[in-house]
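1. Fold the following for me, if possible:
(one chain, ligands or ions: 1)
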Amino acid sequence: MNVGIDKISFFVPPYYVDMTDLALAREVDPNKFHIGIGQDKMAVNKKTQDIVTFAANAAKNILTDEDKKQIDMVIVGTESSIDESKASAVVLHRLLNIQPFARAFEIKEACYAGTAALQYAVSHIQNHPESKVLVVASDIAKYGLASGGEPTQGAGAVAMLVSAEPRILQLNDDSVALTQDIYDFWRPVGHDYPMVDGQLSNETYIQAFQKVWDEYRRRYKKSFADFHALTFHIPYTKMGKKALLAALENEPSEEQERILEQYEASIVYSRQIGNLYTGSLYLGLISLLENGQLNAGDQVGLFSYGSGTVAEFFSGTLVDGYQKELLKDRHQKQLTERKRLSINDYEEMFNDSLDVNVDKEYKDSLLYSIATISNTVRMYKEA
Ligand code: CAA
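-> Okay, the predicted model is just below:
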(Lines give C-alpha, C1' and ligand atoms only; values in the text may rest on other atoms or scores of the structure.)
Protein backbone atom coordinates (compact mmCIF):
# COMPACT_ATOMS: atom_id res chain seq x y z
CA MET A 1 0.00 0.00 0.00
CA ASN A 2 1.23 3.51 -0.81
CA VAL A 3 1.00 6.12 1.95
CA GLY A 4 1.94 9.79 1.87
CA ILE A 5 0.87 13.38 1.27
CA ASP A 6 -2.52 13.62 -0.41
CA LYS A 7 -2.94 17.40 -0.09
CA ILE A 8 -0.67 20.21 1.10
CA SER A 9 -0.97 23.97 1.60
CA PHE A 10 0.66 26.80 3.53
CA PHE A 11 -0.63 29.90 5.25
CA VAL A 12 1.38 32.96 6.28
CA PRO A 13 0.21 36.12 8.09
CA PRO A 14 -0.72 39.06 5.85
CA TYR A 15 2.25 41.30 6.76
CA TYR A 16 5.93 41.32 5.84
CA VAL A 17 9.10 43.31 6.28
CA ASP A 18 11.32 43.95 3.28
CA MET A 19 14.88 42.85 4.08
CA THR A 20 16.43 45.96 2.53
CA ASP A 21 14.36 48.09 4.92
CA LEU A 22 15.46 45.94 7.86
CA ALA A 23 19.13 46.01 6.83
CA LEU A 24 19.14 49.81 6.48
CA ALA A 25 17.42 50.21 9.86
CA ARG A 26 20.04 47.95 11.47
CA GLU A 27 22.90 49.67 9.60
CA VAL A 28 23.86 46.47 7.80
CA ASP A 29 24.71 46.10 4.08
CA PRO A 30 21.43 44.81 2.49
CA ASN A 31 23.51 42.26 0.53
CA LYS A 32 24.24 40.49 3.79
CA PHE A 33 20.53 39.67 4.15
CA HIS A 34 19.68 39.18 0.46
CA ILE A 35 22.85 37.29 -0.54
CA GLY A 36 24.68 36.24 2.65
CA ILE A 37 21.55 34.97 4.46
CA GLY A 38 19.41 34.60 1.32
CA GLN A 39 16.20 36.30 2.49
CA ASP A 40 14.16 38.97 0.66
CA LYS A 41 11.07 39.31 2.88
CA MET A 42 10.10 38.21 6.37
CA ALA A 43 6.57 37.29 7.50
CA VAL A 44 5.29 39.12 10.59
CA ASN A 45 2.10 38.49 12.58
CA LYS A 46 -0.22 40.55 14.76
CA LYS A 47 -0.83 39.45 18.35
CA THR A 48 -4.33 38.23 17.37
CA GLN A 49 -2.70 35.65 15.07
CA ASP A 50 -1.07 32.60 16.63
CA ILE A 51 -0.17 29.02 15.71
CA VAL A 52 -3.82 27.93 15.95
CA THR A 53 -4.98 30.65 13.56
CA PHE A 54 -2.18 29.82 11.09
CA ALA A 55 -2.96 26.10 11.36
CA ALA A 56 -6.72 26.55 10.84
CA ASN A 57 -6.22 28.94 7.92
CA ALA A 58 -3.76 26.52 6.26
CA ALA A 59 -5.94 23.44 6.83
CA LYS A 60 -9.16 25.02 5.58
CA ASN A 61 -7.53 25.33 2.13
CA ILE A 62 -7.29 21.57 1.75
CA LEU A 63 -10.10 19.88 3.69
CA THR A 64 -13.47 18.82 2.27
CA ASP A 65 -16.47 17.76 4.39
CA GLU A 66 -15.72 14.17 3.39
CA ASP A 67 -12.10 14.51 4.66
CA LYS A 68 -13.43 15.82 8.00
CA LYS A 69 -15.51 12.66 8.37
CA GLN A 70 -12.52 10.41 7.62
CA ILE A 71 -9.81 12.15 9.67
CA ASP A 72 -9.26 10.26 12.91
CA MET A 73 -6.07 11.98 14.02
CA VAL A 74 -4.93 15.61 14.17
CA ILE A 75 -1.28 16.27 14.97
CA VAL A 76 0.28 19.72 15.36
CA GLY A 77 4.07 19.95 15.30
CA THR A 78 5.23 23.19 16.92
CA GLU A 79 7.85 24.86 19.08
CA SER A 80 5.63 27.95 19.66
CA SER A 81 3.03 26.25 21.79
CA ILE A 82 0.37 28.46 23.44
CA ASP A 83 -0.21 26.17 26.43
CA GLU A 84 2.05 23.94 28.56
CA SER A 85 -0.72 21.35 28.89
CA LYS A 86 -3.56 21.52 26.39
CA ALA A 87 -2.63 20.73 22.78
CA SER A 88 -3.40 23.28 20.06
CA ALA A 89 -4.54 20.29 17.96
CA VAL A 90 -7.60 19.97 20.22
CA VAL A 91 -8.67 23.55 19.46
CA LEU A 92 -7.87 23.03 15.79
CA HIS A 93 -9.99 19.88 15.72
CA ARG A 94 -13.02 21.89 16.92
CA LEU A 95 -12.41 24.93 14.70
CA LEU A 96 -12.26 22.68 11.63
CA ASN A 97 -15.31 20.68 12.66
CA ILE A 98 -13.59 17.29 12.40
CA GLN A 99 -15.64 14.25 13.48
CA PRO A 100 -15.33 13.69 17.26
CA PHE A 101 -13.85 10.16 17.37
CA ALA A 102 -10.33 11.31 16.66
CA ARG A 103 -7.01 11.66 18.49
CA ALA A 104 -5.60 15.20 18.70
CA PHE A 105 -2.22 16.07 20.14
CA GLU A 106 0.86 18.25 19.82
CA ILE A 107 4.36 16.95 19.19
CA LYS A 108 7.70 18.67 19.94
CA GLU A 109 11.35 18.51 18.93
CA ALA A 110 12.25 21.95 17.61
CA CYS A 111 11.91 22.19 13.82
CA TYR A 112 11.93 18.38 13.46
CA ALA A 113 8.43 18.06 14.99
CA GLY A 114 6.60 18.35 11.65
CA THR A 115 8.51 15.31 10.40
CA ALA A 116 7.86 13.36 13.61
CA ALA A 117 4.14 14.12 13.06
CA LEU A 118 4.29 13.06 9.41
CA GLN A 119 6.08 9.77 10.18
CA TYR A 120 3.60 9.01 12.98
CA ALA A 121 0.73 9.71 10.60
CA VAL A 122 2.22 7.37 7.98
CA SER A 123 2.51 4.53 10.53
CA HIS A 124 -1.11 5.09 11.57
CA ILE A 125 -2.37 4.94 7.97
CA GLN A 126 -0.35 1.77 7.33
CA ASN A 127 -2.41 0.12 10.10
CA HIS A 128 -5.70 1.88 9.22
CA PRO A 129 -5.75 2.48 5.45
CA GLU A 130 -9.32 3.78 5.48
CA SER A 131 -8.51 6.72 7.76
CA LYS A 132 -6.85 10.09 7.09
CA VAL A 133 -4.56 12.16 9.32
CA LEU A 134 -4.29 15.94 9.40
CA VAL A 135 -0.69 17.00 10.10
CA VAL A 136 0.02 20.69 10.66
CA ALA A 137 3.40 22.30 11.30
CA SER A 138 2.79 25.79 12.74
CA ASP A 139 5.20 28.27 14.32
CA ILE A 140 6.30 31.81 15.00
CA ALA A 141 10.08 32.29 14.68
CA LYS A 142 11.07 35.29 16.81
CA TYR A 143 14.57 36.07 18.07
CA GLY A 144 14.18 39.68 19.26
CA LEU A 145 14.57 43.12 17.70
CA ALA A 146 18.12 43.83 16.49
CA SER A 147 19.25 40.35 17.59
CA GLY A 148 21.61 38.18 15.50
CA GLY A 149 18.72 35.91 14.55
CA GLU A 150 16.35 38.76 13.57
CA PRO A 151 16.85 38.42 9.78
CA THR A 152 15.95 34.73 10.07
CA GLN A 153 12.52 35.23 11.66
CA GLY A 154 9.18 34.27 10.07
CA ALA A 155 5.73 32.88 10.85
CA GLY A 156 3.11 30.56 9.38
CA ALA A 157 1.92 26.99 8.96
CA VAL A 158 1.88 24.10 6.52
CA ALA A 159 -1.06 21.68 6.57
CA MET A 160 -0.89 18.20 5.05
CA LEU A 161 -3.50 15.52 4.64
CA VAL A 162 -1.87 12.09 4.95
CA SER A 163 -3.67 9.11 3.44
CA ALA A 164 -3.38 5.81 1.62
CA GLU A 165 -2.95 6.11 -2.15
CA PRO A 166 -1.97 9.80 -1.85
CA ARG A 167 -2.30 12.11 -4.84
CA ILE A 168 0.91 14.15 -4.39
CA LEU A 169 3.89 12.37 -2.77
CA GLN A 170 4.05 8.76 -1.69
CA LEU A 171 6.70 8.25 0.95
CA ASN A 172 9.25 5.54 0.24
CA ASP A 173 10.04 2.99 2.93
CA ASP A 174 13.46 4.47 3.70
CA SER A 175 14.69 6.87 6.31
CA VAL A 176 17.69 7.55 8.51
CA ALA A 177 17.26 9.59 11.70
CA LEU A 178 19.98 10.94 13.97
CA THR A 179 19.74 12.18 17.57
CA GLN A 180 22.52 14.18 19.28
CA ASP A 181 22.20 16.06 22.59
CA ILE A 182 23.62 19.47 21.55
CA TYR A 183 22.65 22.97 22.73
CA ASP A 184 22.75 24.91 19.45
CA PHE A 185 19.24 26.42 19.84
CA TRP A 186 16.79 25.92 22.69
CA ARG A 187 14.05 27.82 24.55
CA PRO A 188 13.82 27.27 28.31
CA VAL A 189 10.28 27.29 29.76
CA GLY A 190 9.19 30.90 30.39
CA HIS A 191 11.56 32.46 27.86
CA ASP A 192 9.92 34.46 25.06
CA TYR A 193 12.82 33.97 22.67
CA PRO A 194 15.19 31.08 22.03
CA MET A 195 18.76 30.90 23.22
CA VAL A 196 20.87 30.36 20.12
CA ASP A 197 24.49 29.71 19.33
CA GLY A 198 24.20 30.74 15.67
CA GLN A 199 27.54 29.47 14.37
CA LEU A 200 27.25 26.17 16.28
CA SER A 201 23.72 25.72 14.86
CA ASN A 202 25.07 26.25 11.32
CA GLU A 203 27.87 23.72 11.86
CA THR A 204 25.60 21.17 13.53
CA TYR A 205 23.09 21.44 10.68
CA ILE A 206 25.78 20.84 8.03
CA GLN A 207 27.30 17.92 9.94
CA ALA A 208 23.88 16.39 10.68
CA PHE A 209 23.04 16.42 6.97
CA GLN A 210 26.39 14.82 6.12
CA LYS A 211 25.88 12.10 8.74
CA VAL A 212 22.33 11.09 7.78
CA TRP A 213 23.11 11.35 4.04
CA ASP A 214 26.22 9.14 4.38
CA GLU A 215 24.31 6.57 6.44
CA TYR A 216 21.35 6.71 4.02
CA ARG A 217 23.64 6.11 1.04
CA ARG A 218 25.33 3.22 2.86
CA ARG A 219 22.07 1.54 3.96
CA TYR A 220 20.08 2.02 0.77
CA LYS A 221 22.96 2.01 -1.74
CA LYS A 222 21.86 5.32 -3.25
CA SER A 223 23.61 8.46 -4.50
CA PHE A 224 22.66 11.94 -5.75
CA ALA A 225 22.03 10.35 -9.15
CA ASP A 226 19.00 8.53 -7.68
CA PHE A 227 17.29 11.84 -6.83
CA HIS A 228 15.63 14.36 -9.11
CA ALA A 229 15.65 16.93 -6.29
CA LEU A 230 16.50 17.32 -2.62
CA THR A 231 14.65 19.66 -0.33
CA PHE A 232 15.80 20.89 3.09
CA HIS A 233 14.68 22.39 6.37
CA ILE A 234 15.21 26.11 5.57
CA PRO A 235 15.92 28.34 8.60
CA TYR A 236 17.23 30.81 6.00
CA THR A 237 17.70 29.93 2.37
CA LYS A 238 21.51 29.98 2.43
CA MET A 239 21.57 27.26 5.13
CA GLY A 240 20.38 24.31 3.05
CA LYS A 241 22.66 25.42 0.24
CA LYS A 242 25.69 25.39 2.54
CA ALA A 243 24.92 21.80 3.60
CA LEU A 244 24.29 20.78 0.01
CA LEU A 245 27.50 22.39 -1.30
CA ALA A 246 29.56 20.58 1.35
CA ALA A 247 28.01 17.22 0.40
CA LEU A 248 28.29 17.86 -3.36
CA GLU A 249 31.98 18.78 -3.19
CA ASN A 250 33.24 15.62 -4.91
CA GLU A 251 30.38 15.24 -7.39
CA PRO A 252 30.81 16.03 -11.12
CA SER A 253 29.94 19.64 -11.98
CA GLU A 254 26.82 18.71 -14.05
CA GLU A 255 25.49 16.79 -11.06
CA GLN A 256 26.13 19.76 -8.77
CA GLU A 257 24.33 22.11 -11.18
CA ARG A 258 21.33 19.80 -11.55
CA ILE A 259 20.80 19.44 -7.78
CA LEU A 260 21.46 23.14 -7.06
CA GLU A 261 18.97 24.22 -9.74
CA GLN A 262 16.19 22.23 -8.03
CA TYR A 263 17.31 23.63 -4.65
CA GLU A 264 16.68 27.15 -6.03
CA ALA A 265 13.09 26.10 -6.89
CA SER A 266 12.62 24.83 -3.32
CA ILE A 267 13.50 28.19 -1.75
CA VAL A 268 11.31 30.54 -3.82
CA TYR A 269 8.67 30.80 -1.07
CA SER A 270 11.06 30.74 1.90
CA ARG A 271 12.96 33.72 0.47
CA GLN A 272 9.70 35.69 0.80
CA ILE A 273 8.59 34.31 4.16
CA GLY A 274 11.55 33.40 6.37
CA ASN A 275 11.73 30.59 8.89
CA LEU A 276 8.56 28.61 9.63
CA TYR A 277 10.50 26.31 12.03
CA THR A 278 8.49 23.02 11.87
CA GLY A 279 6.88 24.00 8.56
CA SER A 280 10.04 25.10 6.73
CA LEU A 281 10.92 21.76 5.14
CA TYR A 282 7.33 21.39 3.90
CA LEU A 283 7.19 24.97 2.64
CA GLY A 284 10.32 24.02 0.70
CA LEU A 285 8.57 20.94 -0.66
CA ILE A 286 5.56 23.03 -1.81
CA SER A 287 7.93 25.54 -3.43
CA LEU A 288 9.83 22.77 -5.20
CA LEU A 289 6.65 21.17 -6.55
CA GLU A 290 5.12 24.49 -7.62
CA ASN A 291 8.26 26.13 -9.04
CA GLY A 292 10.55 23.24 -10.04
CA GLN A 293 10.80 21.09 -13.16
CA LEU A 294 9.68 17.68 -11.94
CA ASN A 295 7.56 14.83 -13.29
CA ALA A 296 5.46 11.99 -11.93
CA GLY A 297 7.68 9.16 -10.73
CA ASP A 298 10.54 11.49 -9.81
CA GLN A 299 12.36 10.84 -6.53
CA VAL A 300 12.52 13.66 -3.98
CA GLY A 301 14.84 13.55 -0.94
CA LEU A 302 13.83 15.42 2.23
CA PHE A 303 16.21 16.58 4.97
CA SER A 304 14.55 17.49 8.26
CA TYR A 305 16.53 19.22 11.01
CA GLY A 306 15.48 20.20 14.52
CA SER A 307 17.98 21.89 16.80
CA GLY A 308 18.85 20.12 19.95
CA THR A 309 19.23 17.97 17.71
CA VAL A 310 17.24 15.45 15.67
CA ALA A 311 17.73 15.12 11.92
CA GLU A 312 16.26 12.76 9.36
CA PHE A 313 16.69 12.05 5.68
CA PHE A 314 13.85 10.28 3.88
CA SER A 315 12.38 10.25 0.41
CA GLY A 316 9.22 10.17 -1.65
CA THR A 317 7.97 9.45 -5.18
CA LEU A 318 5.83 11.98 -7.05
CA VAL A 319 2.44 10.56 -7.96
CA ASP A 320 0.95 10.62 -11.46
CA GLY A 321 -1.14 13.83 -11.84
CA TYR A 322 0.30 15.46 -8.69
CA GLN A 323 0.41 18.85 -10.46
CA LYS A 324 -3.41 19.01 -10.47
CA GLU A 325 -3.48 18.82 -6.66
CA LEU A 326 -1.23 21.84 -6.06
CA LEU A 327 -2.60 25.24 -4.99
CA LYS A 328 0.00 27.40 -6.73
CA ASP A 329 -2.32 30.31 -7.66
CA ARG A 330 -3.76 30.53 -4.16
CA HIS A 331 -0.26 30.45 -2.61
CA GLN A 332 1.14 33.11 -4.91
CA LYS A 333 -1.92 35.35 -4.40
CA GLN A 334 -1.48 35.05 -0.65
CA LEU A 335 2.12 36.25 -0.92
CA THR A 336 1.43 39.14 -3.28
CA GLU A 337 -1.55 40.43 -1.27
CA ARG A 338 0.47 40.89 1.94
CA LYS A 339 1.04 44.37 3.36
CA ARG A 340 4.61 45.70 3.55
CA LEU A 341 5.28 47.14 7.01
CA SER A 342 7.53 50.08 7.77
CA ILE A 343 10.23 49.23 10.30
CA ASN A 344 8.39 51.36 12.89
CA ASP A 345 5.15 49.43 12.34
CA TYR A 346 7.04 46.12 12.45
CA GLU A 347 8.71 47.02 15.74
CA GLU A 348 5.40 48.15 17.20
CA MET A 349 3.70 44.91 16.09
CA PHE A 350 6.63 42.89 17.43
CA ASN A 351 6.46 44.49 20.89
CA ASP A 352 2.66 44.42 21.11
CA SER A 353 2.32 41.02 22.77
CA LEU A 354 -0.94 39.35 23.76
CA ASP A 355 -1.71 39.44 27.48
CA VAL A 356 -3.87 36.42 28.31
CA ASN A 357 -4.33 37.70 31.86
CA VAL A 358 -6.49 40.60 30.66
CA ASP A 359 -10.01 39.81 29.44
CA LYS A 360 -10.51 41.71 26.21
CA GLU A 361 -12.16 41.67 22.78
CA TYR A 362 -10.07 42.07 19.63
CA LYS A 363 -10.76 42.92 16.00
CA ASP A 364 -8.85 41.19 13.20
CA SER A 365 -10.10 40.79 9.62
CA LEU A 366 -8.30 37.44 9.28
CA LEU A 367 -10.51 34.36 9.16
CA TYR A 368 -9.62 32.29 12.25
CA SER A 369 -8.01 34.89 14.50
CA ILE A 370 -8.20 35.62 18.21
CA ALA A 371 -11.51 37.40 18.94
CA THR A 372 -11.59 37.41 22.75
CA ILE A 373 -9.47 36.61 25.77
CA SER A 374 -11.62 35.34 28.60
CA ASN A 375 -10.22 33.89 31.83
CA THR A 376 -6.86 33.30 30.00
CA VAL A 377 -8.64 31.36 27.21
CA ARG A 378 -8.09 32.38 23.59
CA MET A 379 -11.48 32.39 21.83
CA TYR A 380 -11.11 32.33 18.05
CA LYS A 381 -13.23 33.95 15.40
CA GLU A 382 -14.65 31.04 13.45
CA ALA A 383 -15.39 30.52 9.78
N1 CAA B 1 27.34 40.77 1.17
C2 CAA B 1 27.17 39.46 0.97
N3 CAA B 1 27.31 38.53 1.97
C4 CAA B 1 27.60 38.98 3.19
C5 CAA B 1 27.79 40.35 3.47
C6 CAA B 1 27.64 41.28 2.39
N7 CAA B 1 27.78 42.57 2.57
N8 CAA B 1 28.07 40.47 4.78
C9 CAA B 1 28.06 39.24 5.32
N10 CAA B 1 27.78 38.33 4.36
C11 CAA B 1 27.67 36.88 4.49
C12 CAA B 1 28.73 36.25 5.37
O13 CAA B 1 29.94 36.08 4.68
C14 CAA B 1 28.05 34.95 5.72
O15 CAA B 1 28.16 34.05 4.63
P16 CAA B 1 28.68 32.54 4.88
O17 CAA B 1 27.74 31.98 5.91
O18 CAA B 1 28.55 31.91 3.55
O19 CAA B 1 30.04 32.66 5.42
C20 CAA B 1 26.58 35.33 5.82
O21 CAA B 1 26.46 36.59 5.17
C22 CAA B 1 26.09 35.47 7.24
O23 CAA B 1 26.98 36.29 7.91
P24 CAA B 1 27.38 36.03 9.44
O25 CAA B 1 27.73 34.60 9.65
O26 CAA B 1 28.34 37.07 9.85
O27 CAA B 1 25.95 36.30 10.09
P28 CAA B 1 25.58 36.49 11.59
O29 CAA B 1 26.71 36.21 12.49
O30 CAA B 1 24.91 37.80 11.67
O31 CAA B 1 24.48 35.33 11.85
C32 CAA B 1 23.05 33.48 11.71
C33 CAA B 1 23.86 34.50 10.92
C34 CAA B 1 23.98 32.62 12.56
C35 CAA B 1 22.32 32.58 10.72
C36 CAA B 1 22.03 34.22 12.63
O37 CAA B 1 21.11 34.92 11.83
C38 CAA B 1 21.26 33.29 13.56
O39 CAA B 1 21.71 33.01 14.65
N40 CAA B 1 20.06 32.79 13.12
C41 CAA B 1 19.24 31.89 13.96
C42 CAA B 1 19.81 30.48 14.04
C43 CAA B 1 19.70 29.74 12.72
O44 CAA B 1 18.88 30.01 11.88
N45 CAA B 1 20.55 28.70 12.57
C46 CAA B 1 20.48 27.83 11.42
C47 CAA B 1 20.74 26.39 11.78
S48 CAA B 1 19.69 25.89 13.14
C49 CAA B 1 18.23 25.39 12.45
O50 CAA B 1 18.15 25.12 11.29
C51 CAA B 1 17.02 25.28 13.32
C52 CAA B 1 16.22 26.52 13.16
O53 CAA B 1 15.31 26.59 12.34
C54 CAA B 1 16.54 27.68 14.02
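2. alpha carbons only for contacts and neighbour counts from here, please
-> Noted.
3. what does the chain put close to the ligand?
-> Contact residues, the chain versus the ligand (CA under 6 Å from any ligand atom): 29, 31-32, 35-37, 111, 148-149, 151-152, 198-199, 201-202, 205, 235, 277, 306-307.
4. from the residues you listed, which would you call buried?
-> Neighbour counting with 16 or more other CA atoms under 10 Å marks 37, 111, 149, 151-152, 201-202, 205, 235, 277, 306-307 as buried within the residues of the chain next to the ligand.
5. Dump the residues you listed into a markdown table; add secondary structure and distance to D320 as well.
-> Listed next are these as a markdown table, based on DSSP: H, G, I helix; E, B strand; the rest coil; distance: CA to CA, whole Å:
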| residue | secondary structure | distance to D320 |
| --- | --- | --- |
| I37 | helix | 36 |
| C111 | strand | 30 |
| G149 | coil | 40 |
| P151 | helix | 38 |
| T152 | helix | 36 |
| S201 | helix | 38 |
| N202 | helix | 37 |
| Y205 | helix | 33 |
| P235 | coil | 31 |
| Y277 | helix | 30 |
| G306 | strand | 31 |
| S307 | coil | 35 |
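6. could you dump those residues to TSV with distance to H191 and pLDDT?
-> TSV is the format used below for these (distance: CA to CA, whole Å; pLDDT from 0 to 100):
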residue	distance to H191	pLDDT
I37	26	98
C111	17	98
G149	16	98
P151	20	98
T152	18	98
S201	19	98
N202	22	98
Y205	23	98
P235	20	98
Y277	17	98
G306	19	98
S307	17	98
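7. Nearest to A23 among the residues you listed?
-> Checking those against A23 with CA to CA, the nearest one is P151 at 8.5 Å.
8. Quick check: chain neighbours aside, which residue is closest to the closest one?
-> Nearest in space to P151, with sequence neighbours left out and distances taken as CA to CA, 6 or more residues apart in numbering, is F33 at 6.8 Å.
9. tell me the contacts of the one you found?
-> Applying CA atoms under 8 Å, 6 or more residues apart in numbering to F33 gives the contacts 19-20, 23, 39-40, 151.
10. again, but for Q170
-> Q170 makes contact with 2-5, 316-319, according to CA under 8 Å, 6+ apart.
11. and the helix or strand where it lies, which strands flank it?
-> If you go by DSSP states H and E, Q170 is part of strand 169-179. Strands adjacent to strand 169-179 in the sheet, as given by DSSP bridges, are strand 3-11 (antiparallel), strand 310-318 (antiparallel).
12. Tell me which of those is the most buried.
-> Greatest average neighbour count among those goes to strand 3-11 (a mean of 25), per mean count of other CA atoms under 10 Å.
13. contact partners of it?
-> Strand 3-11 has contacts (CA under 8 Å, 6+ apart) with 54-55, 57-59, 61-62, 122, 125-126, 156-171, 283, 286, 325-327, 331, 334.
14. rewinding a little: tell me which of the strands paired with strand 169-179 lies nearest to K381.
-> strand 3-11 (16.7 Å).
15. need the buried ones among the residues of the chain next to the ligand in CSV with distance to E130, can you?
-> As requested, those are exported to CSV (distance: CA to CA, whole Å):
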residue, distance to E130
I37, 44
C111, 29
G149, 44
P151, 44
T152, 40
S201, 41
N202, 41
Y205, 37
P235, 35
Y277, 31
G306, 31
S307, 35
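16. Among those, which one sits closest to Y220?
-> Nearest to Y220 among these, counting by CA to CA, is Y205 at 22.0 Å.
17. Now do that closest one against A164, distance only.
-> 32 Å (CA to CA, to the nearest Å).
18. Repeat that for L326.
-> As for L326, its distance to A164 is 18 Å (criterion: CA to CA).
19. try L294
-> Distance of L294 to A164, computed by CA to CA: 22 Å.
20. Name the residue in these two with the higher neighbour count.
-> Each of L294 and A164 has its neighbours counted (other CA atoms under 10 Å); A164 has more, 20 against 17.
21. isn't there a helix covering V162?
-> No: V162 is assigned strand when assessed by DSSP: H, G, I helix; E, B strand; the rest coil, not a helix.
22. that older thread, mind checking which of the contacts of F33 are in helices?
-> Among the contacts of F33, the members falling in helices (DSSP state H) are 19-20, 23.
23. what's around I62, how many residues?
-> Using other CA under 10 Å, I62 has 20 other residues around it.
24. Name the nearest residue to it, ignoring sequence neighbours.
-> Closest residue to I62 apart from its sequence neighbours, by CA to CA, 6+ apart: K7 at 6.3 Å.
25. what mean pLDDT does stretch 22-36 have?
-> The average pLDDT for stretch 22-36 rounds to 98.
26. quick one, what contacts Y220?
-> Contacts for Y220 (CA under 8 Å, 6+ apart) come out as D174.
27. how much space between it and the ligand?
-> According to CA to the nearest ligand atom, to the nearest Å, Y220 stands 25 Å off from the ligand.
28. what pLDDT does that residue get?
-> 98.
29. begin at 625 from here
-> In the new count, where the first residue is 625, that last one comes out as Y844.
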